[in-house]
Every structure is written in C-alpha cells, then in structure tokens.
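1. Next comes the sequence, and after it the predicted model I'd like to discuss.
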Protein chains: 2
Amino acid sequence: MTSAASQSLPGINWQASNPERFLDLKSKLSALLGDRYSDTQTVREHHSEDEAYHSGLPDHVAFPASTNEVSEIVRLCAEHDCPVMAWGAGTSLEGNALAVAGGLCLDLSQMHDVVEVHAEDLTVAVQAGLCREELNLELRHTGLFFPIDPGANATLGGMAATRASGTNAIKYGTMRQNVLRCTVVLPDGSVIETGTRAPKSAAGYDLTALFVGSEGTLGIITELTLRLHPIPETAASIMCIFPTLEGAVETVILAIQTSLDPARIELMDEAMMAAINSFEKADYPVSPTLAVEFHGPPAAVAEQMERFQELVEGEGGTVSRTATKSEERSALWKARHNALYATRSLQQGKKLLITDVCVPISRLADCIMATREDIDSSGILGTIAGHVGDGNFHAFLLFDPDVPAELETVEALHQRMGARAIEMGGTCTGEHGIGVGKQDLLRQEAGGSTQTMLAIKRALDPDGVLNPGKIFAQTNG
Amino acid sequence: MTSAASQSLPGINWQASNPERFLDLKSKLSALLGDRYSDTQTVREHHSEDEAYHSGLPDHVAFPASTNEVSEIVRLCAEHDCPVMAWGAGTSLEGNALAVAGGLCLDLSQMHDVVEVHAEDLTVAVQAGLCREELNLELRHTGLFFPIDPGANATLGGMAATRASGTNAIKYGTMRQNVLRCTVVLPDGSVIETGTRAPKSAAGYDLTALFVGSEGTLGIITELTLRLHPIPETAASIMCIFPTLEGAVETVILAIQTSLDPARIELMDEAMMAAINSFEKADYPVSPTLAVEFHGPPAAVAEQMERFQELVEGEGGTVSRTATKSEERSALWKARHNALYATRSLQQGKKLLITDVCVPISRLADCIMATREDIDSSGILGTIAGHVGDGNFHAFLLFDPDVPAELETVEALHQRMGARAIEMGGTCTGEHGIGVGKQDLLRQEAGGSTQTMLAIKRALDPDGVLNPGKIFAQTNG
C-alpha cells in the first residue's frame, strides 16, 4: 500500500473521514450479510491490487449472493455516502476496480450461477461473478461456446464492465457485440433491465452499450445475457516466423484487407519469443511470430489456411507449425497465453505496466515499430504482443515500483505510446479501459466529448457513489 | 395534415405559440443561409410525411451545408426555444423525423459528401446526408462496400439515428456495429467527436453507441465514420418454397443454429408472394418462400449452398431458383426488394402500418404464425416479410387513414403484435425505432430503464430542443 506506484488518492479515505458512518454502515451490512461481510485487514488486502501495478485498500468488503442483496447494499452505502466498487476476479490492468478513496469493495464472486441456457437461441443468462472458463465448462455439452477470451479467467461481469475483448475479437467481436441484456443496480439501489433477448433492437437509447465499458461508474451489472456461438466444426492453427516485424504486420494487414476471416491473429515480437523460451524452457525461433487460427466448415478452413500460407510466403515468412487437433492447437497457443507471465518472469519482483493502444490497421506497422524503438531506447525491459487483426497490441513493460526513476520512465513511455495512437486516429485503450491509469490520455482522445460523458455520470450518479476516481478523477469539473 | 392518422401533438405548434420569436429566428436563419432557408408551404409539406402513415408539419426548413452551419442553426434555435428535427431522406416508418409540435426541420440532404475513404483501413468518413446507394457507387472502384441495406435509399445519418439494419445484418451487423465514429452537434450548438477510427475501443462511455439509435433526440449526427467490407469474392443466392410457413421458419432456425453463415436470409409469406406476383406481373409460386445469399471464397460458398439445400429438403422445401452472377442475383432479390411497394399496390390510396418485432429465434415460428392468424381474423389486408435470421419480421398492414375503424384495427394489431414480442423476450422494434408510433410499447418493453433513458435525455438536452415528442411524449415524467 505504500509503494510509489500506489494510486490511492492522497489524503482521501472514506472510513477515516467518516468514522461514525462507517460503524453504522458496518452494523447494518453485518446484519444483512453475516459472515459475507468483512473488514479484516487480510480480506481488505486481498481486494487491494489488480494484475498490474495499481493499488487501493477498501475499508470493507461485501460478498452479496443476489441482485436483491446488491441493491440493498448499494442503497445502504448511498445513504451513508460510502463509495462502492464492484469487484470480479481482480484481473483488471488499469486499477478499474480498486478502492482509491476507500469505501466498500463489492465482491461478486459468490454470484456465479448460470441462470438460464437458451441453446436454441444461442444465448445464456449468467450472474456477473461467473468466470468465463467456468461458463465454457458448463456449456460443453451444448455444442456452443462463449468466445471472448481476454487471457485472464475474468468474471463475465468484469469483462462487460471494461468492454473486454482479446484474441477472438477479430471474428466474434468484443463484449460490446456479445452482451444482449444486463440487470443493473443503479446508484440509489434501484434495479433495471437493459435490452432484450432478441438478437437486435432499435428500442430507445442503447443502455446495454452504455453500461458495457462504464467500469462500474454508472451502475453495477449483476446479471447479463450473452450471445453464444456454435463450436466450430473445424479449427486449424498456424504459427509462422518472419525475418522482420514489418513482414509479420504486413501479412496481417493483407489478411484483413482481403476476404480472410481469421478467428484469431496474434503477433509476438522477438523479445516476447525470447521471454517465452525462457519461461517455458522452449526453443521457439526468436523471430517476429504470428499465431493464427481459422474456424468453420472443413472446405472453408482449408481454403483459408492455403491462402494465408501464400500471404506468409509472399512476405518472406515461414510456417513453423500447424495444428488441427484440439490438444495440438492448445499446445501451439500456449506460448501466446503465457505472454504476460513469461514477461513477468524475466525480472522477478518487478511489476508490469501494460499498454493497450489500438490504431487503424494502415498505421499498425508504424505504430509497432515506433513502440519497439521507444522501449529499446528507454533502458526498460519490454516485450510486445497483441491482437493485431484489430489493430490492438500491448507493450509489457517491467519496472520496480519502488524505484521512482523506473516508474517515471514507464509512465512516460505509456503516455507517449497512448498519445501516438491518438495522433494516428486510434485509441489509448482497445480493451483494458481507463481506470486510474489513462485519465489524461482519455481527455486527449475524447476532447470535448469528455464533458458529455461527465454529464451522463452526473445524471445517473449525482452523489458519486459508484467507483469514484475512475475514468474521471473528478466528476464535477 | 388533417387525417385521422396525423400525429401532430394537438394544440401544440411552436410558431403559433411564438409568433415574435419565429419572426426573429426567421430573419437570423435567412441571413445565415439565404435561399437554403424556407418557410413556404410547399417546402414545409415536402417535409411533413415519412414512408408510413405519420405526419407533422414543420414551421420552417433549413438546408445546412456544413457541421458549422448546423452548429450555428441549432444554437439559434436553442436561443429561440424552437424545436429542431433532423431530416435525411424521409424514409422513416415511425414518424421519427416529423415535426409533431412544429419547429425547424433540419434537412441534411445537401451534406452528401464522401469526406475520406480509407480503403486500407476498411473505413470511410461521410457527411450525414449521403445516401447509402450513392456511397456504394462512390466505392465501386475500391473493392469495398457498405453492406447495411434497410430497403429504402436512406441517408447514412438517418440510418445511424434509427439504428437501421435490413437484409444483410445477419452477417454484417446493424448500424450499431458499423458506425465507428460520429461528429455530433449537441443541443446548445457545441460540436463533439465520439469514438476513433480504431476498430475497437474501451475508452470511457460508448457515446457512439448512445447517439446511434437516439433518433436525433440527443444530438444531430453531421458526419460519421463507417466500417466497410470487402466485396465478396463469390456470392450465391437461392430461393426456395415450402408447403408450410413452419417448414420455412424451421429451416432458418436450423441454419442459424448450425455453423451456416448466410449474408441474408429473408422470408416472404404466401400473401406477400401473391402481392409480388400482382405488382411485378410475375408467377412465383404462392407459397412461403425463403431467399438466401452466401458470401465468401468459392469453396466456402459452395459448401454452404450444399448444406443449406440439405436443410431445405429436410423440411419438405424445394429449391426454385439459384443465382451466382450479379444480374441473376439482382433479379432473384427483386421480389424481396419490392415487398413494401407490392403490398401498397394491392389497395391504391391506402396507407401502410409496418410492424417491426424481433424475437429470440426459438420463438420465431410461434410469433409469425400468431401474427398471420391475427391479420387473417382482423379483416385487414396484410403481408409478412422479414429478416428472419435475426428473428426480425414485418407485417405490412393496409388501411385507410380516413376510416377511423380501420385505423383503430391496425393500431390494435400493432400493439398486440408488439406486446406479444415483448412477452416472448423480444423487442417491439428491431430496426425502425420508436418515433411517435411505439412509445407505449417502449414503456412496456423497457420498464424502469425508461427512467434511465429520460435522465440521459434531460442531462444532454435539458430544454428539450431536439426532436421533442419522439421516443418519449414527455421528458419530464
């Protein structure tokens, strides 16, 4: 909590400023929740960090079991003017769920039921605390799956709240396209339903799209209906290496601009492949590498594999592996899945700052090359990987949060990379959200529309109960 | 203007209530726009009806040529408390753009430029008044196209404002998925940009998704960046007839539930085929009919055509035509494109009320059968067609707006069909929007979330300048 990288707002802590309110709220929440309420140091610390380098210690933690309980908790917190931060699996990367000003952490992990599978409609209703891997386990006998895969085994509510995407988004879309309906607890404790189970709608304002990506600042998503997809009849993966990063990126651009329809298309740079070799005790060629997968009926997949290989060869690349059986494909994808952990293992004890820019695909090669140069000239150890079919990639930057100069260097890199993406017509965040870490970049990117966002925040949460200090440091500015 | 079906708010007309403000505003707008401003009866009447049965006469009409002019016009109107209704091609079906309380019609048809084609990024920036057919003409040498096709040659701004979709949405999505970025004039005349040119983003609230589908009640979209798609290398269409409506719908459901990926999948019922025969002097079998199209590389398309034909035969259907060449496909699709006009031609002088329900696909057969029974027992002449792959279909109901009993019958049918869709977990509008015609149904469908929509409306347009009386009759309730 005392590291230089802590993002707790200095001098602001709800409990310290409201000792009597805290005791009153504590007694009411204890009466409501019994042992599903805690203010012990251990439980609070378990909810004080996410997977990157931000931190913030909540004053207390509640574990609701139903939408009704969430409603009652939020109503009580609003009465006591106590901030409420929804918490899923703690796998955010921008401090999105952290208690930067104290208050109540609302841990939804006990709300992990599959509410209703509508296999015939390709939809499923789930509670917000269900994790995506558990959902796919539950679905395994239906012939359907939920494709959004941000890497971490995040909760589906958390994925909705940060508008997550990941490796499969190029074919299946992000959470924006795959959430049909939400049950939302508003800041006064009232409960609304947004959207319907129909595949599309033009009925009034698109509230589902508004709550998806709002990072728990407008309402708490407690239940959601998701689109499912048929498990592909055939899937084939291919790994290819390139003499240059440009060749790899150019191959991606050509694949997207022609009619190829990859399910995933992922880039790892040389530094990342070296990290993975070291982490997995493997001997992948240390070259810019693409991992690609195609889904569909057999003839369509075969046709696409063949065309993709032609593109690879045209750019001077070489196919290093192909896989069609499920276990072989998992083995091929293991490298990409280990990207974060492999980088972290390069320097034990260091933290990661992970950038998340997304640019128009015509600017992708320039953007990645400039990012690599930035890292190389900074003295920081960093790797690059990303969902390049979407124009989205990440620099994984290692630093010691207790060494101010290192923190300063990575934060400067972060700002510089975000600003470059914005200048190229892109965004500072493709899938991680704003949280506490990208608020300056949001203002650069969104300009005057930030005021429109703030007007919505003030209209729906006039007292600033939900997740204060996120997306916007202040909501009255 | 005096028909029983007029939706002008009784007793409310802006000019009549504000004669001096009108004269002052008129002189300022004339000075700004010259002959691109008019308050002649002819021009006003040209902007008083859409393609269905609603009407509303604006007090005056402006034809801006730029976002700056729109900004200045909206600012002047806000100062004079004069309602502003954005107008595209006048092809709405729910009175979405009509001046139900008088005020200024903002005709964007002179803002019809393609601003910038980014072929390599598969995006294009256009002014809001450009029509979709003209866009595709402009794109014809790029190998790309904009797939959203609501039937009418609507403006792209109007399509965004009503969250339009149409025949291709099953593969390419609706306007929700295909608008990346908007330039929006807010009710006070200020101008914001929402979104970026990157394929995805997690940067703050999804304002693009909020303005798309807001029917001009929150801001005026003056420019927008759209996703483009490669023109498919191969396309193949197929028309099939079925002994029963259930067989046709069951085929659609099976196609969606397996891995088939149609670009369009459209149903026409017996009554519609009879209307088309009469309109086109054709001799299509008068049976429930599906028209389907597949897009993609040759092997993938051939594989899908073969599988689809198996499904058709399994449900007792017969393939009546197939087409692969562009002209042959256009001929095959002519019947579907003429659905509205064919129905209208059955009873000259009558108007059309077109329903727009969308339900989970498992309820589609029940919903269509019950709709057909409703029509048959009502004494009203009506046909059915729709984008059934999305669960979305339309009943085209003919009535004489000057015969109160007929109007009452079709409006009762409309309410009943909307309520049924909502009860089935669906929506009262898949793609036409709420406008003035579906406000009661919106309240049934959205329940308490209507209050959240109203809170947003009041926050962004506190004085109710933009398109009053649409989506919500009152915004203070």
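-> Happy to help now that I have it.
2. wait, is A:C240 part of a strand?
-> Yes: A:C240: assigned to a strand according to DSSP: H, G, I helix; E, B strand; the rest coil.
3. Let me know whether it touches A:E315 as I believe.
-> No: in this structure, A:C240 is not within contact of A:E315 by C-beta atoms under 8 Å, at 9.2 Å. C-beta: built from backbone N, CA, C; applies to glycine.
4. which residues do those two both contact?
-> Counting by C-beta atoms under 8 Å, 6 or more residues apart in numbering or on different chains, the shared contacts of A:C240 and A:E315 are A:248, A:251.
5. Compare these two (neighbour count), which wins?
-> Neighbours were counted for A:C240 and for A:E315 using other C-beta atoms under 10 Å in any protein chain shown; A:C240 has more, 25 against 21.
6. any chance you could map the strands in the stretch 101-250 of chain A?
-> For the stretch 101-250 of chain A, the strands defined by DSSP state E, counting those that start in this stretch occupy A:104-107, A:114-118, A:123-127, A:144-145, A:179-185, A:191-194, A:220-227, A:229-230, A:234-241.
7. tell me the most buried of those strands?
-> For those, the largest average neighbour count (mean count of other C-beta atoms under 10 Å in any protein chain shown) is found in strand A:104-107, namely a mean of 28.
8. what comes into contact with it?
-> For strand A:104-107, contacts defined as C-beta under 8 Å, 6+ apart pick out A:25, A:29, A:44, A:47, A:58-64, A:70, A:73-74, A:77, A:82-87, A:97, A:99, A:129, A:220.
9. and that strand, which strands flank it?
-> Strand A:104-107 has the following strand partners under DSSP bridges: strand A:60-62 (parallel), strand A:84-87 (parallel).
10. what residue ranges in chain A score low on pLDDT?
-> A:1-11, A:477 (pLDDT under 70).
11. list the helices and strands the lengthiest helix in it packs on?
-> Using DSSP state H, we find that the single longest helix of chain A is helix A:404-423. Here helix A:404-423 touches strand A:351-354, helix A:364-376, strand A:392-399, helix A:439-446, going by 3 or more C-beta pairs under 8 Å, 6 or more residues apart in numbering or on different chains; DSSP states H and E.
12. Looking at the ones you listed, which one is packed in the most?
-> Highest mean neighbour count of these: strand A:392-399, a mean of 26 (counted as mean count of other C-beta under 10 Å).
13. and that one, how far from the chain's centre?
-> Counting by C-alpha atoms, centre = their mean, to the nearest Å, strand A:392-399 is centred 14 Å from the centre of its parent chain.
14. what about it, near chain B?
-> Yes: Strand A:392-399 is in contact with chain B by C-beta under 8 Å from any C-beta of the partner chain, via A:N392.
15. measure stretch A:197-204 end to end?
-> This stretch, stretch A:197-204, spans 15 Å end to end (C-alpha to C-alpha, to the nearest Å).
16. go on, stretch A:125-139?
-> Using C-alpha to C-alpha, the end-to-end distance of stretch A:125-139 comes out at 12 Å.
17. buried ones in it?
-> Within stretch A:125-139, the residues that count as buried by 16 or more other C-beta atoms under 10 Å in any protein chain shown are A:125-132, A:134-136, A:138-139.
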